[in-house]
Structure formats: C-alpha cells, structure tokens
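Colleague: The following comprises the amino acid sequence and a computationally predicted model.
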Amino acid sequence: MKRNRRVKILATLGPASSSEEMIKSLHEAGADVFRINMSHTDHDLMRELVKRIRNVESAVGRPIGVLADLQGPKLRVGKFAEGKVALTVGDTFTLDDNPAPGDATRVHLPHPEILEAVEVGHRLLIDDGRLQLVCTETDKHHITCRVVAGDKISDRKGVSLPDTTLATGALTEKDRRDLDAVLAENVDWVALSFIQRPDDLAEARKIARGRAWLLSKIEKPQAVERLDEIIELSDAIMVARGDLGVEMPLETVPGIQKRITRAARRAGKPVVVATQMLESMITAPVPTRAEVSDVSIAVFEGADAVMLSAESAAGQYPVEAVTMMDRIAQQVEKDRLYPGIIFAQRPEAQATGADAVSLAARQISETLGVAVIVNYTATGTTGLRMARERPQIPILALSPVLSTARRLSLVWGLHCVVTEDAQDLDDMVDRACRIAVEQGYAKSGERLIATAGVPLRTPGATNMLRIAYIGSDGLSAV
C-alpha cells in the first residue's frame, strides 16, 4: 500500500477503534502505526489488540508498527470529607501526609516524594492547572500553600509540579508490569511518560534490552531543559503538548514544539507531534480551520509523525479523522513552499561514512532525478540516516528483519518492505529494481540509487552507493 505522503500517522486505539475491522479501516485510511494507551488498557486487552493489528498486517502485506504508551507516575491528592471544597484566591491551603479526609484548609497528599522535593516558591498545579498553588512553607510533612488562581478542589485530582524535580524515576510498579507484558508481545515502540532527566531512560532500556525502541515523551519543563541529553539516549521523541501546556505557559508551547522538532531532526531521531491535533473531530465530522493549520505546521516543520489521540480512540469519526489528517499532509507536501522549508531546516551531515553516503544519495538523486532511493537496512540505522536527509525523492527501506521494518514505519518518508537478504551486490541491485517496480515507485527505463553496507549483513556499515538503470524485465540493466 503506497502512501502519497512522507509524514506518518500514528492513531490511538480505544473503544471506538478496537475491532479488527476498524483497525483495518484506519490503516487503509492512512494510519501507519497504532498506539495502545496502557493508562486505559489491561494486559488481556493489550494482547488482543496486538493480535488484531498483526492480523491486519498479514492481510494487507505491509509492516505496521505498534507503540505501547506507558502511563507513568500519576500524582493525585486524596479525598475530601464532602467530596470537594471551595477556595478563594489568597487562601492558605495545605497538602500533608495525614490520611484523614480533607476539608477547606488541607488534604492528604499520598506522595512522600513530593513532600520531600517541593521547596518554597514552587508551584503546584491541581486538576490540569484549574487550581494553582504556590508553596509558602514546607517541613517534609506539610506543604503550606497560597491559592493564586482557581476556586475549588475535589477528590483525586491530579497534581503537576512544573518547578520540582522528583527523586523517583519515571517507571512506576504498574509501568514495570506493563513493560514486561508489552515486550512479551513484541511491540515495536515503548513510549515513556513524564521523563524528567536522561537517567529516567536507564531502567526501561535495561529491561527492554533492545526488544523495542524507546520513545521519550517531552511533557515537563525539566525535560525541555535537558532536551539534547534526553534525545541522545532516546530512539525517538514525542512533543506531548497536553501536559506541556499545563506545566508551561500555553503561549510558549508552539516555540517549544519547533525547538524539539528541530533538535530531534539534527540528531536523526524520529519526532512525533501529539495532542489535540484534530480535537473537534471527536464529535464533529470536520475539523476547525485552526486544527488544519496546526497539523500543517507540524508537517511543514518536518515532523516524522503526527498523532491522533481521542479522535481515533473514542471519537465518533475515527476513520474520518485519519482520512482528514492524510489529506492535510498530502496537500502540505504538494505545496510549492514545502521543499524550500524542509531544505532550510536540513541539518549538516555528521562526519561518518554512513552519513556521507546518505548525503551523497540525496544530492545525486535530486541532480539526476532518479525515481527512488533504496536503502538496505538490517538494524534500521541506514533508514534513519537517509530519512534525516529529508530527500525530495521517495525512499524504499528494504530489510530482512520484520521487527526493523515495523519500527521504521514511524519514520519520515520510509516505505518499508520485508525481503530476503541479498546474496551479493548484483542480487542486491536486482532486488532493489524489482521491488521498486512492484511497489509502484519506479518503472522500466528509470534509474534508482541503492545504498548498503559492504560486506553485506554488516550492521551499521553503510558505505556503498550504486546508480542502477531499470531494464524492461524490471531488473538492473547496468
């Protein structure tokens, strides 16, 4: 199934999209990767969803990526004697370690790590920022605050800490159980929530042991401050704008999105833009003009993927939402300004042989006007390097490893095909020509570029580029 766009679409599964028929419809509409939100999915349902995705994959004959999104720490206040209380700006309100029901002066905070870490002057945002508190005094058992915005608080509302770095890691006990479960089902990507520091990736990487690639969700100010370090240790990045918009001023989020996208592109790591992209399509068959513009900006910026959350998981129009996102992306990539914007943001090639070959492949492809660039990639590294160049020419990523092809389905511009490993260089070029014709990316009389590592089957050793002419039999004529 040939896509007429380079940016990928990541669709979340949920009550509106959990059947095998609906998953297939979403894939046919344009979804390249499916997200399973472990905040709302138990292990039995997760296994069934993975099975259904794999069944669709077999039916359509295309590798489909599966991303399992771990919940991360959920910080919440306790309960109130009356269920909720009214507050006034200027009131004093305390969060403490006393498990007794709360009242208008205090509430239990069942998180000792917060009580130990918050300092005077730190902000505490309750219920997605609807209530804003500032710490005026703390003694490790109590956090005494002043109400600076908002007028009420109720049972079990979430707590956000934009100024506080917690000593605990990003993985909870639930996350560890979920991580073991999703790895056993051979998911392709694992998303880590509420990353604060590079060290937060260490435990997950130790557990995963390469069985899945790790995507870090950037949704806290602390992560933005250490962005380059987190990108270096991650396999991909997500701009998680929902929590970013709670913990940081809303007007700063667009700039942060651009900063994260460009930093990930420089590093050659896939970057996903997420949250509220087509939010109104949860209940409406068409998006707002602002939402269309929002998706367009992410595509113009060169993001690898754009994500649908509730739109596809729980909305009334999941297939229409994917179709609309596909249409927007296609139109942006046809725009006459698009190549220039992508070119202006292209990072400098790194000083490695593989990067030099990828750079040369892009330059030669655009100079000669070849039909397609074909990458042989066993581990995915060659495909990632080629995608980093953002060439105007389509990219075919051929891999003998199914898991590699599935992972690369999240990456900009890569049309992934699973094929047997080439026996030698001639077989490699012939195979590239044949598959390019079969997949609709080239035809007899056109040229293509093939890149690979020599000797073959040597991971991370991309050092060969070959220009091939496609003969009348669909094989290399040169």
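Modeller: On my side now, so go ahead.
Colleague: State the phi and psi torsions of the residue nearest to residue 172 when sequence neighbours are not counted.
Modeller: Spatially, and ignoring its direct neighbours in sequence, residue 172 is nearest to residue 73 (5.6 Å; CB to CB, 6 or more residues apart in numbering). No exception for glycine: its C-beta is placed from N, CA and C like everyone else's. Dihedral pair for residue 73: phi -60, psi 130, per degrees, to the nearest 10.
Colleague: which phi and psi does residue 96 have?
Modeller: phi -140, psi -180.
Colleague: ok, back up a step: check contacts around the residue nearest to residue 172.
Modeller: Residue 73 makes contacts with 166, 168, 170, 172, 193, 194, as judged by CB atoms under 8 Å, 6 or more residues apart in numbering.
Colleague: quick one: contacts for the second one?
Modeller: Each residue near residue 168 by CB under 8 Å, 6+ apart is listed here: 73, 113.
Colleague: can we see that at 6 Å?
Modeller: residue 113 (CB atoms under 6 Å, 6 or more residues apart in numbering).
Colleague: looking at this, it is in a strand?
Modeller: No. Per DSSP: H, G, I helix; E, B strand; the rest coil, residue 168 lies outside any strand segment and is coil.
Colleague: Where does pLDDT dip in the chain?
Modeller: Applying pLDDT under 70 to the chain flags residues 456-460, 477-478.
Colleague: Walk me through the domains of it.
Modeller: 8-72+171-336, 84-160, 353-469 (automatic domain parsing).
Colleague: one step back: how much space between the residue nearest to residue 172 and residue 469?
Modeller: Relative to residue 469, residue 73 is positioned 57 Å away (CB to CB, to the nearest Å).
Colleague: same thing with residue 128?
Modeller: Separation of residue 128 from residue 469 (CB to CB): 59 Å.
Colleague: One more: residue 332?
Modeller: 33 Å.
Colleague: Check residue 310 too.
Modeller: For residue 310, the distance to residue 469 - CB to CB - is 50 Å.
Colleague: Those two: which is more packed in?
Modeller: Neighbours were counted for residue 310 and for residue 469 using other CB atoms under 10 Å; residue 310 has more, 19 against 15.
Colleague: Can you report how many residues neighbour the nearest residue to the more buried one once chain neighbours are set aside?
Modeller: Spatially, and ignoring its direct neighbours in sequence, residue 310 is nearest to residue 282 (5.3 Å; CB to CB, 6+ apart). The burial count assigned to residue 282 is 20, neighbours taken as other CB under 10 Å.
Colleague: ditto for the one 4 residues further on
Modeller: Other residues near residue 286 number 14, with proximity taken as other CB under 10 Å.
Colleague: And residue 230, by the same measure?
Modeller: 25.
Colleague: Can you show me the helices along the stretch 51-200 of the chain?
Modeller: 112-117, 173-184, 200-208 (DSSP state H, counting those that start in this stretch).
Colleague: can you put the ones you listed in CSV and add distance to residue 136 and mean neighbour count?
Modeller: Formatted as CSV, the helices of the stretch 51-200 of the chain follow (distance: least, CB to CB, whole Å; neighbours: other CB atoms under 10 Å):
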stretch, distance to residue 136, mean neighbour count
helix 112-117, 15, 16
helix 173-184, 33, 17
helix 200-208, 30, 17
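Colleague: now the ones you listed as JSON lines including distance to residue 233?
Modeller: Listed next are those as JSON lines, based on distance: least, CB to CB, whole Å:
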{"stretch": "helix 112-117", "distance to residue 233": "23"}
{"stretch": "helix 173-184", "distance to residue 233": "17"}
{"stretch": "helix 200-208", "distance to residue 233": "5"}
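Colleague: Tell me which of those helices sits nearest to residue 153.
Modeller: Closest of those to residue 153 is helix 112-117, at 15.6 Å (criterion: CB to CB).
Colleague: Centre of the chain to that closest one, how far?
Modeller: 30 Å (CA atoms, centre = their mean, to the nearest Å).
Colleague: and if you look at stretch 291-299?
Modeller: 16 Å.
Colleague: got a list of contacts for that stretch?
Modeller: 7, 273, 277, 278, 306, 328, 329, 332.
Colleague: Which of those residues has the largest number of neighbours?
Modeller: residue 278 (28 neighbours).
Colleague: how deep is residue 362 tucked in, by neighbour count?
Modeller: 22.
Colleague: helices and strands around the helix or strand hosting it, which ones?
Modeller: Using DSSP states H and E, residue 362 falls within helix 353-368. Helix 353-368 sits against helix 381-388, strand 447-453, strand 462-469, with contacts defined as 3 or more CB pairs under 6 Å, 6 or more residues apart in numbering; DSSP states H and E.
Colleague: got the angle for it vs helix 381-388?
Modeller: Going by axes from the mean of the first three to the mean of the last three CA atoms, to 10 degrees, helix 353-368 is angled at 50 degrees with respect to helix 381-388.
Colleague: what residues does helix 353-368 touch?
Modeller: In contact with helix 353-368 (CB under 6 Å, 6+ apart) are residues 349, 373, 385-386, 389, 391-393, 449, 451, 462-463, 465.
Colleague: after it, next one along is what?
Modeller: Assigned by DSSP H and E, the successor of helix 353-368 is strand 372-376.
Colleague: buried stuff in that following strand?
Modeller: Within strand 372-376, the residues scored as buried using 16 or more other CB atoms under 10 Å are 372, 373, 374, 375, 376.
Colleague: swap in stretch 12-31?
Modeller: 12-14, 16-18, 22-27, 29-31.
Colleague: Relative to residue 229, which of those is nearest.
Modeller: residue 12 (28.2 Å).
Colleague: Report the contact partners of the closest one.
Modeller: 35, 37, 309, 312, 313.
Colleague: Which residues are in contact with the nearest residue to the second one once chain neighbours are set aside?
Modeller: In this case it means residue 37. Spatial nearest neighbour of residue 37, excluding adjacent residues (CB to CB, 6+ apart): residue 69 at 5.0 Å. Contact analysis of residue 69 by CB under 6 Å, 6+ apart lists 35, 37, 38, 191.
Colleague: Identify the bridge partners of residue 69.
Modeller: Legend: beta-bridge partners of residue 69 under DSSP bridges are residue 37, residue 191.
Colleague: So it versus residue 264, what's the distance?
Modeller: 18 Å.
Colleague: Equivalent analysis for residue 180, please.
Modeller: When residue 180 is compared with residue 264 (using CB to CB), they lie 28 Å apart.
Colleague: Could you list which of the contacts of stretch 291-299 belong to strands?
Modeller: Here DSSP state E is the test, and those give 273, 306 as lying in strands.
Colleague: between the contacts of stretch 291-299, which is nearest residue 118?
Modeller: Nearest member of these to residue 118, counting by CB to CB, is residue 273, at 31.2 Å.
Colleague: Turn the helices and strands packed on helix 353-368 into JSON lines, including distance to residue 398.
Modeller: Output for these, formatted as JSON lines (distance: least, CB to CB, whole Å):
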{"stretch": "helix 381-388", "distance to residue 398": "9"}
{"stretch": "strand 447-453", "distance to residue 398": "9"}
{"stretch": "strand 462-469", "distance to residue 398": "13"}
